[in-house]
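A.B. asks: Sequence plus the predicted model coming up.
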Amino acid sequence: MEAFTKHTGRAVPLRRSNVDTDQIIPAHWLKKVTRDGFEDGLFEAWRKDPEFVLNRPERAGATVLVAGPDFGTGSSREHAVWALQNYGFKTVISSRFADIFRGNSLKNGLLTVVLDQKTVDALWELVEKDPQAEITVDLEAREVRAEGVTASFELDENSRWRLLNGLDDISITLRNEDEIAAYEAGRPSFKPQTLQV
Amino acid sequence: MGRTLAEKVWDDHVVRRAEGEPDLLFIDLHLLHEVTSPQAFDGLRKSGRPVRRLDLTIATEDHNTPTLDIDKPIADPVSRAQLETLRKNCAEFGVRLHPLGDVEQGVVHVVGPQLGLTQPGTTVVCGDSHTSTHGAFGALAFGIGTSQVEHVLATQTLPMARPKTMAITVNGELPDGVTAKDLILAIIAKIGTGGGQGYILEYRGEAVEKLSMEARMTICNMSIEAGARAGMIAPDETTFAYLKGRPHAPEGADWDAAVAYWKTLRTDDDAEFDAEVVIEAAELAPFVTWGTNPGQGAPLSAAVPDPASYEDASERFAAEKALEYMGLEAGQPLRSIKVDTVFVGSCTNGRIEDLRAAAEIVRDRKVADGVRMLVVPGSARVGLQAVSEGLDVVFKEAGAEWRHAGCSMCLGMNPDQLAPGERSASTSNRNFEGRQGKGGRTHLVSPQVAAATAVLGHLASPADLSAADVPTPAGV
């Protein structure tokens, strides 16, 4: 996983609530067997509309997505995170994220930042008025900064440590190999098995 | 203080607990399918790691599989490549796979329970959000992303922070004609698509206890549509009777030991939930969605709501967008909405009881002119059972299409899709924009409402059908 410490970039204001993962990346894109090449599928249906915010020339190269509440609801597809990253987003700000999407994002180094809706509103107003306005998301300081906005955000210490260091979950877990083996040895015999080994 | 069902199952699976770290949970059963696993197997290959517990892992093919001509090569080369990738990965790593054409193939959440692999007090994961289905057995079951799929393959564990718990108590009995699907749609409309966020839901109360296992699966299946991490129902005699004798259910002394343990899996009387919602079953009626998220639903007897009636600005805007997308007018009676397609199937409502219920309604009736009705069993076994009961004939005589098992039109990854602007009544779980095909419009309904809608051509419940809809047999 790529480490995330601090990022500064221009933003895309997405004034929609309940943006589900079928909107972020439609199902027909899920047939790919790689983690890349999903950028053209991002918000595919909405991008057919030339007025859709992502299509506006002034939003080209933006790296911060500021979204409405309940972003990422629906399916568990990690492809939604990959599509956002493939397109160039480094971080997503919203007042509420769906649980699975949030978990997936943090495992891929896409920092999802929860701010209250009032602050999200302020960021929307700022970047709509001035598309060149930059937003800084500082994970070390747990702070979002933009002109007229300074807001701290919460992230559990463990997730933050893994993101700051770009650590791979599996190798962390396998450090506890002994404990896994001990647990396995104590499992009752009535637990289901898919095959005899 | 006592513990809730979710807390008991959670505690029994903690491999490691340390200050400042998420709990490391052991996973009893890992279900795989073709869509969310390829990148996980790639990860294993790159790091030279094996699958740690092949005996707790099983794969099937469901999302991409065609429901017609399954003996021929799959026409879509991209779908074919994805299925071939799963076959190659399972062969290379030694994972048990039920491919298309196999008698145990089907939607992953139908296959696990019917094999008896889904058991009370187990932890079940799958790279699919509807893994919540398995919670119907008192299992702690949740959907995971591909990075977590790789993590479970490599370690048979997952680091997770324990969610909060929410009781959803359904008092009284469901009125006649009201199904588990109506109940869960009403629950989601009440608490919202974000209402369950951060929680494990426990469905309880008289109405829930009286439900069959299949109906309980319908309820738990849609927990994720309320934003919840998982949904659970305490195991009881109904659960044990369902499991007894299934291929992977315990036997002999193991069965006795298992049942003794399973009986402890109930929320203690003095346990406290972090939140509680109470529903009166008597107030429920057949329920359908009108919008583009599963929380945008109303009783069938109601009208399409007026967005102006929402106080919350973002809900109002969402309702406006939804009506625009769905091509509906505020105030229009829901019963007046005409459909082009009816889909009966999916991990929500593709089991045998669902097919029986739908067949009973279309028996000796005809699907309305201009309406296409697709019946897709949730698994090959469900399909065989339906055929042995003659249900396929009932559907075909009514003018419906009888298909092979798979996810099919629930998400349109295979050729079963809505055309732009087409409208469906669907027994599946998501009415998102474009979910069933680009530009398609979805109304979520129960199998009973789906069948009545197919006969009348507009959203309807079985109560709307009169004896007059039964055609007079020829020669009488």
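C.D. replies: Yes, it's here.

A.B. asks: For the rest of this, base every contact and every neighbour count on C-alpha atoms.
C.D. replies: OK.

A.B. asks: any idea how far B:A463 lies from chain A?
C.D. replies: For B:A463, the distance to chain A equals 32 Å [Cα to the nearest Cα, to the nearest Å].

A.B. asks: Against which helices or strands is the helix or strand harbouring A:I170 packed?
C.D. replies: A:I170 is located in helix A:169-174, with elements delineated by DSSP states H and E. The contact analysis (3 or more Cα pairs under 8 Å, 6 or more residues apart in numbering or on different chains; DSSP states H and E) places helix A:169-174 against helix B:146-155.

A.B. asks: helix or strand right after the helix it packs on?
C.D. replies: strand B:157-160.

A.B. asks: Just checking: what are the partner strands of that next one?
C.D. replies: Neighbouring strands of strand B:157-160 in its sheet, by DSSP bridges, are strand B:23-26 (antiparallel).

A.B. asks: What helices and strands are in contact with the helix or strand following the partner strand?
C.D. replies: Where DSSP H and E defines the elements, the next helix or strand beyond strand B:23-26 is strand B:29-32. Packing partners of strand B:29-32 (3+ Cα pairs under 8 Å, 6+ apart): strand B:57-60, helix B:108-114, strand B:123-126.

A.B. asks: Give me the buried positions along the lengthiest helix in chain A.
C.D. replies: In chain A, ranked by residue count with DSSP state H as the criterion, the top helix is helix A:117-129. Neighbour counts over helix A:117-129 (16 or more other Cα atoms under 10 Å in any protein chain shown) mark A:T119, A:V120, A:D121, A:L123, A:W124, A:L126, A:V127 as buried.

A.B. asks: close enough to count as contact, B:T341 and B:V371?
C.D. replies: Yes - with contact defined as Cα atoms under 8 Å, B:T341 counts as touching B:V371 (5.5 Å).

A.B. asks: what secondary structure does the residue of the stretch 201-350 of chain B found nearest chain A sit in?
C.D. replies: Residue of the stretch 201-350 of chain B nearest chain A, by Cα to the nearest Cα: B:D254 (5.0 Å). Three-state assignment for B:D254 (DSSP: H, G, I helix; E, B strand; the rest coil): helix.

A.B. asks: Enumerate every residue touching the spatially closest residue to it that is not a sequence neighbour.
C.D. replies: Once flanking residues are discounted, B:D254 sits nearest to A:F190: 5.0 Å by Cα to Cα, 6 or more residues apart in numbering or on different chains. Residues in contact with A:F190, defined by Cα atoms under 8 Å, 6 or more residues apart in numbering or on different chains, are B:P250, B:D254, B:W255, B:A257, B:A258.

A.B. asks: Please spell out the PyMOL selection for the buried subset of those residues.
C.D. replies: This is the PyMOL syntax for the buried subset of the contacts of A:F190, where burial follows 16+ other Cα under 10 Å:
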select buried, chain B and resi 250+255+258
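
A.B. asks: With pLDDT added, can I get the contacts of A:F190 in JSON lines?
C.D. replies: Putting the contacts of A:F190 into JSON lines (pLDDT from 0 to 100) gives the following:
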{"residue": "B:P250", "pLDDT": "97"}
{"residue": "B:D254", "pLDDT": "97"}
{"residue": "B:W255", "pLDDT": "98"}
{"residue": "B:A257", "pLDDT": "98"}
{"residue": "B:A258", "pLDDT": "98"}
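
A.B. asks: Among the contacts of A:F190, which pair sits farthest apart?
C.D. replies: Spatial extent of those (Cα to Cα) is set by the pair B:P250 and B:A257 at 9.0 Å.

A.B. asks: Do you know the pLDDT at residue 121?
C.D. replies: Since no chain was named, I'll use chain A. Listed pLDDT for A:D121 reads 97.

A.B. asks: I was after chain B.
C.D. replies: If you check B:G121, the pLDDT there is 98.

A.B. asks: tell me the SS of B:E34?
C.D. replies: On the basis of three-state DSSP, B:E34 is classed as coil.

A.B. asks: the helices in the stretch 151-300 of chain B, which residues?
C.D. replies: B:180-191, B:206-209, B:213-221, B:237-243, B:252-262 (DSSP state H, counting those that start in this stretch).

A.B. asks: Export the fourth one to CSV, keeping only CA atoms.
C.D. replies: Pointing back at helix B:237-243 there. This file holds the C-alpha atoms of helix B:237-243, laid out as CSV (Å, rounded to 0.1, in the frame of the first residue of the first chain):
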residue,chain,number,x,y,z
GLU,B,237,-35.4,-25.1,16.6
THR,B,238,-36.3,-23.8,13.2
THR,B,239,-32.5,-23.3,12.5
PHE,B,240,-31.6,-26.8,13.9
ALA,B,241,-34.3,-28.5,11.9
TYR,B,242,-33.1,-26.8,8.7
LEU,B,243,-29.5,-27.9,9.2
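
A.B. asks: Identify each buried residue in that helix, please.
C.D. replies: So helix B:237-243, judged by 16+ other Cα under 10 Å, has buried residues B:T239, B:F240, B:Y242, B:L243.

A.B. asks: Make a markdown table from the residues you listed and add distance to chain A to it.
C.D. replies: As requested, these are exported to a markdown table (distance: Cα to the nearest Cα, whole Å):
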| residue | distance to chain A |
| --- | --- |
| B:T239 | 15 |
| B:F240 | 14 |
| B:Y242 | 15 |
| B:L243 | 12 |
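
A.B. asks: In the residues you listed, find the pair that's most separated.
C.D. replies: Farthest pair in these (Cα to Cα) is B:T239 and B:L243. Separation: 6.4 Å.

A.B. asks: what's the neighbour count on the residue lying closest to A:E157 once chain neighbours are set aside?
C.D. replies: Leaving aside its chain neighbours, A:E157 sits nearest to B:G20 (7.0 Å; criterion: Cα to Cα, 6+ apart). Residues within reach of B:G20, counting by other Cα atoms under 10 Å in any protein chain shown, total 9.

A.B. asks: Repeat that for the one 5 residues further on.
C.D. replies: Counted with other Cα under 10 Å, the burial measure for B:L25 works out to 24 neighbours.

A.B. asks: quick one, what contacts it?
C.D. replies: Contacts of B:L25 by Cα under 8 Å, 6+ apart are B:W10, B:H13, B:V14, B:V15, B:R16, B:T157, B:L158, B:P159, B:M160.

A.B. asks: again with B:A380
C.D. replies: B:D102, B:V103, B:E104, B:Q105, B:G106, B:H404, B:A405.

A.B. asks: Nearest to chain A, out of those residues: which one, please.
C.D. replies: Using Cα to the nearest Cα, B:E104 is the member of those that lies nearest chain A, at 12.6 Å.

A.B. asks: Do I have it right that the closest one meets B:L384?
C.D. replies: No - in this structure, B:E104 is not within contact of B:L384 by Cα under 8 Å, at 10.6 Å.

A.B. asks: Of those two, give the one with the bigger neighbour count.
C.D. replies: Neighbour comparison, B:E104 and B:L384: the larger count goes to B:E104, with 21 against 17 (by other Cα under 10 Å).

A.B. asks: ok, now how distant is that one from B:R403?
C.D. replies: 16 Å (Cα to Cα, to the nearest Å).
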